[in-house]
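K.L.:
My questions are about this predicted structure, shown below with the sequence.
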Amino acid sequence: KTLSSAVSRKSKNTIPSILDVGGGYGQLSYFIPDSPYCLVEPDVNGISGINLPFADQSFDYVISCHVLEHIPIEERTNFLDQLLAKSKSGVILLNPFYIKNTNVEERLQLVLEITGAGWAQEHIDCTLPDLELVPEITSLILL
């Protein structure tokens, strides 16, 4: 719902096309039923956000929800470049960011020990993105 509200605010009475990178089973499409929608999800359709097979500026908005923290650091610049290239109007990122002095690693390790959640291991392995590194990309919309 948060993502659909952001898209609605940004698109101002138009129906934007959406590329949802890492969107699971496409749940976002339920909240934007009138928008042309395309899902990128390696586990669902084999398409990777690292090498998007679409022409540049193919979509009004590219959305990536809780994905950046699963992208290895050495691939993040390429990943963000791919998202930006495919978008006409902007990229919307919704994900956790690293915040200094918050014991992120310890919390994630505890979650992993208690639950065995694979996502927690990926957060540890890839590290949370540092918000200070993202503002240089001006067409990103951070939620």
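P.N.:
Alright, I've got the coordinates.
K.L.:
Which SSE is immediately downstream of the biggest helix by length in the chain?
P.N.:
Across the chain, the longest stretch assigned as helix under DSSP state H is helix 73-86. Downstream of helix 73-86, the next assigned helix or strand under DSSP states H and E is strand 87-94.
K.L.:
which residue is nearest the centroid of the protein?
P.N.:
Central residue of the chain (C-alpha atoms, centre = their mean): Ser64, 2.1 Å from the mean position.
K.L.:
Which of the three states applies to that residue?
P.N.:
Here Ser64 is recorded as strand under DSSP: H, G, I helix; E, B strand; the rest coil.
K.L.:
who's in contact with it?
P.N.:
By C-beta atoms under 8 Å, 6 or more residues apart in numbering, the contact set of Ser64 is 20-22, 49, 83, 91-95. In short, each C-beta sits where N, CA and C put it, glycine included.
K.L.:
One more pass at 7 Å, please.
P.N.:
21-22, 49, 83, 93 (C-beta atoms under 7 Å, 6 or more residues apart in numbering).
K.L.:
any idea how far the nearest residue to it once chain neighbours are set aside is from Ile124?
P.N.:
Leaving aside its sequence neighbours, Ser64 sits nearest to Val21 (C-beta to C-beta, 6 or more residues apart in numbering; 4.5 Å). Relative to Ile124, Val21 is positioned 22 Å away (C-beta to C-beta, to the nearest Å).
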